[in-house]
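# what would the 3D arrangement of this be:
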Amino acid sequence: FYLNTADEPYSGISKAIAAICQKIISGDKSLVDGIREKVSNALHDDEARLLVHLVSGLAGIISAGVKGVTVGREFDVDELENGNERLKNAFRLLIRTLFCDHFAPMVLFLDDLQWAEVSSLQMIDYLISDTENENSLMIIGVYRS
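Predicted coordinates:
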């Protein structure tokens, strides 16, 4: 999380996931194909579009496997907020299928949480409370007081 992006919803989480996506894309093509198939089965098209908009690099993994995903389609803040529960569920499914199934145990380290906005903190809480995730996920958060 960064001070200059403290007013951007989900910015820190999106950047953390984007970094992992870049590592996946630069790796084994068969892994990317396997992840693409799992994600296309787990996410609805509208959920995939929301996530592609928020997470740079994700389009390189899922756009070919999900219909209707176009990079660059703009969403306004109201549209994101109105679909808040849908977005949180999509993030949860993404974490389960994209990361936890392939990289268990998964550790997500989030630094500078003092700059996180409310929506990101709610998302972290939502991910931590995922009792249906069969794989290990640890979220480590650091903040300065």
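# quick check: residue 13 touching residue 88?
No. Counting by C-beta atoms under 8 Å, residue 88 is not a contact partner of residue 13; they are 10.7 Å apart. Placement of C-beta: from N, CA and C, glycine included.
# those two: who's more crowded?
residue 13 (24 against 17; other C-beta atoms under 10 Å).
# in contact with the more buried one, which residues?
91, 110, 120, 123, 124 (C-beta atoms under 8 Å, 6 or more residues apart in numbering).
# common neighbours of residue 13 and residue 88, please.
In contact with both residue 13 and residue 88: residue 123, using C-beta under 8 Å, 6+ apart.
# among the contacts of residue 13, which ones are in helices?
91, 120, 123, 124 (DSSP state H).
# columns pLDDT, neighbour count and distance to residue 43 on top of these, output as TSV?
Shown next, in TSV, are the ones in helices among the contacts of residue 13 (pLDDT from 0 to 100; neighbours: other C-beta atoms under 10 Å; distance: C-beta to C-beta, whole Å):
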residue	pLDDT	neighbour count	distance to residue 43
91	86	24	10
120	87	21	20
123	88	21	16
124	89	19	20
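# great, nothing more from me.
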